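> next input, structure requested:
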Amino acid sequence: MHVDSSFIVMPETCHLLLQCYLLFLLFSPSLQALSLCRHQSYPSGYEYSMQFILGILIMAAGFAINCISDRQLCQLRKENKGYQIPRGKLFQVISTPNLMGEVMEWIGYGIAASNMPAFSFTVWAMANLVPRAL
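Okay, here's the model as predicted:
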């Protein structure tokens, strides 16, 4: 069944949520960049520390999981057979591996960056993604 979304009118609450989300998307990367470039200092050789390497590895694994799962979902949409439940690969183990991959990316970033804005963003990303994954 196909729903024509051109006839759906968004209530005012949705407009407010969308505006808050867009504000967050503008504010958060700016805070991350400001923190990393101006206020955060790392010890010499930090990029070789176990914490940084572990964070980058978790982030890379999450990115790969996210890409593979999203590609699988896009293939289902291209088949244009209506609603389909994804099967195979990580969809056999978890219902939303694409969201799990994104959560892993942000956890890895939080570990690697190791600063309050990074940890804060990780918590907020999880607050957004985990409920959608359940």
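
> helix, strand or coil: sort out the most centrally placed residue in the chain for me.
For the chain, the residue nearest the mean C-alpha position is Glu102 (3.6 Å; CA atoms, centre = their mean). Classification of Glu102 by DSSP: H, G, I helix; E, B strand; the rest coil places it in helix.

> residues of the longest helix along the chain that come out buried?
In the chain, assigned by DSSP state H, the helix with the most residues is helix 50-79. Using 16 or more other CB atoms under 10 Å as the test for burial, helix 50-79 gives 52, 55, 58-59, 62, 65-66, 69, 72-73, 76. C-betas here are computed from N, CA, C, even on glycine.

> what packs against that helix?
helix 97-113 (3 or more CB pairs under 8 Å, 6 or more residues apart in numbering; DSSP states H and E).

> quick one on the thing from earlier: could the buried residues of helix 50-79 go into CSV alongside distance to Asn115 and pLDDT?
Output for the buried residues of helix 50-79, formatted as CSV (distance: CB to CB, whole Å; pLDDT from 0 to 100):
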residue, distance to Asn115, pLDDT
Phe52, 12, 94
Gly55, 12, 96
Ile58, 16, 97
Met59, 15, 96
Gly62, 19, 95
Ile65, 25, 92
Asn66, 23, 91
Ser69, 29, 90
Gln72, 34, 87
Leu73, 33, 83
Leu76, 39, 80
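
> what's the angle from the longest helix of the chain to helix 97-113?
In terms of direction (axes from the mean of the first three to the mean of the last three CA atoms, to 10 degrees), helix 50-79 departs from helix 97-113 by 160 degrees.

> Ser41 versus Val130, what's the distance?
In this view, Val130 and Ser41 are 32 Å apart by CB to CB, to the nearest Å.
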